[in-house]
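Engineer: Pasted the sequence and its predicted model underneath.
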Amino acid sequence: MPESLILVHTQGAVRVLTLNRPAQLNSFTGAMHAELLPALQAAADDCSVRAVVLTGAGRGFCAGQDLGDPAMNSSDGGAPDVGGVVERLYKPLALRVRSMPVPVIAAVNGVAAGAGANLALGCDLVVAARSASFIQAFSKIGLIPDCGGTWLLPRLVGRARALGLALTGDKLPAEEARALGLIWQVVDDALLMDTALALATKLAAMPTRALAATRQALDDALQLDYAGALDLEARQQGELGRSADFAEGVAAFMAKRAAVFKDR
């Protein structure tokens with residue numbers, strides 16, 4: 001039996017998903033997509049999972065799309081069907097990551113290029129090894145950023161820097177990515193997984209329903225004016241205020257004890 005392209009490991013309430021094509025820097029194939037999306041869905045459906053860590057095997061996180069993969073072939077034998085690959089594979093993946101009911105942390109070890117970079121940036125928090133780098137490699141092969149990159153980049157770093165990253169396709173070291181606000185944290189290589197797992201474990205003990213709602217509210221508010229964002233806050237708080245986690249949080253605060261959150 002060939003080894004799985006997505007390794008699945010559970011540590012407490014944390015599900016770790018590892019892209020597993022290390023010899024190819026974990027570049028995406030149709031077969032890898034066929035394992036990753038169901039693995040994310042399984043984590044979403046499992047009420048015992050309260051946080052997810054996404055990482056890569058070997059010396060890289062993900063080098064983007066494998067351009068030699070049969071998934072790129074068009075049905076008529078003509079030019080590669082890049083748009084079809086984005087529609088069939090990357091769009092569902094990006095939407096699933098962005099709508100997970102629990103926090104998703106990208107632990108970026110080594111290069112994250114092309115769709116691999118934007119897969120990481122689409123996660124809730126990115127923790128990168130000091131040797132990691134991020135490359136919007138699309139312009140070098142005549143394409144635009146995909147896997148959500150056109151939406152994510154200007155919102156993370158502003159239009160000028162987003163254009164600079166996308167047009168030049170230059171390598172961005174992890175420390176510079178953090179300084180720009182593109183990612184959350186940079187740690188020594190040897191500490192990457194311990195740091196990511198500790199962060200995931202911390203978030204798993206928090207009210208995950210509220211954390212997922214926070215992500216959704218911040219994303220939605222980007223499309224609203226100030227009054228609309230205030231309306232959104234009132235609706236979300238109304239729902240969360242009726243939750244068991246809110247009642248538990250208040251009770252724990254009043255009793256000066258640690259809260260035990262269970263909603264999801």
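Structural biologist: Nice, thanks for sending it over.
Engineer: need the helix or strand of this protein with the lowest average pLDDT.
Structural biologist: Lowest on mean pLDDT, DSSP states H and E among the helices and strands of the chain sits helix 82-85, with a mean of 93.
Engineer: buried residues in it?
Structural biologist: Neighbour-count burial for helix 82-85 flags V82, V85 (criterion: 16 or more other C-beta atoms under 10 Å). Placement of C-beta: from N, CA and C, glycine included.
Engineer: Spit out the contact partners of the residue nearest the centre of the chain.
Structural biologist: Nearest to the geometric centre of the chain sits C123, at 2.0 Å (C-alpha atoms, centre = their mean). C123 sits next to L54, V97, V104, I105, A106 when contact means C-beta atoms under 8 Å, 6 or more residues apart in numbering.
Engineer: okay, now the third one: neighbour count?
Structural biologist: Applying other C-beta atoms under 10 Å, we find 25 other residues in the vicinity of V104.
Engineer: just the first one next, same as before
Structural biologist: For L54, the number of neighbouring residues by other C-beta under 10 Å comes to 28.
Engineer: With the last one instead?
Structural biologist: By other C-beta under 10 Å, 29 other residues sit near A106.
Engineer: That one should be in a helix, yeah?
Structural biologist: No - with DSSP: H, G, I helix; E, B strand; the rest coil as the criterion, A106 is assigned strand and is not in a helix.
Engineer: and the residue nearest to the centre of the chain, helix, strand or coil?
Structural biologist: coil.
Engineer: Over to V127?
Structural biologist: strand.
Engineer: now do T55
Structural biologist: strand.
Engineer: a helix runs through S139, doesn't it?
Structural biologist: Yes - assessed by three-state DSSP, S139 belongs to a helix.
Engineer: so who does the nearest residue to it once chain neighbours are set aside touch?
Structural biologist: Using C-beta to C-beta, 6 or more residues apart in numbering and skipping residues adjacent in sequence, the residue nearest S139 is G169, 4.6 Å away. Shown in contact with G169 (C-beta under 8 Å, 6+ apart): I135, Q136, A137, F138, S139, K140.
Engineer: what about stretch 131-145, average pLDDT?
Structural biologist: Averaging pLDDT along stretch 131-145 yields 97.
Engineer: buried stuff in that stretch?
Structural biologist: Under 16+ other C-beta under 10 Å, the buried positions of stretch 131-145 are S131, A132, S133, F134, I135, Q136, A137, F138, P145.
Engineer: what pairs with the helix or strand that T10 is a member of, and is each one parallel or antiparallel?
Structural biologist: Using DSSP states H and E, T10 falls within strand 6-11. Using DSSP bridges, the strands paired with strand 6-11 in its sheet are strand 14-19 (antiparallel).
Engineer: Can you name the next helix or strand after the partner strand?
Structural biologist: helix 30-45.
Engineer: got any ranges where the stretch 51-200 of the chain has weak pLDDT?
Structural biologist: For the stretch 51-200 of the chain, residues meeting the criterion pLDDT under 70 lie at 75-77.
Engineer: Now do the strands in it.
Structural biologist: 51-56, 60-62, 104-108, 111-113, 125-129, 133-135, 171-173, 185-187 (DSSP state E, counting those that start in this stretch).
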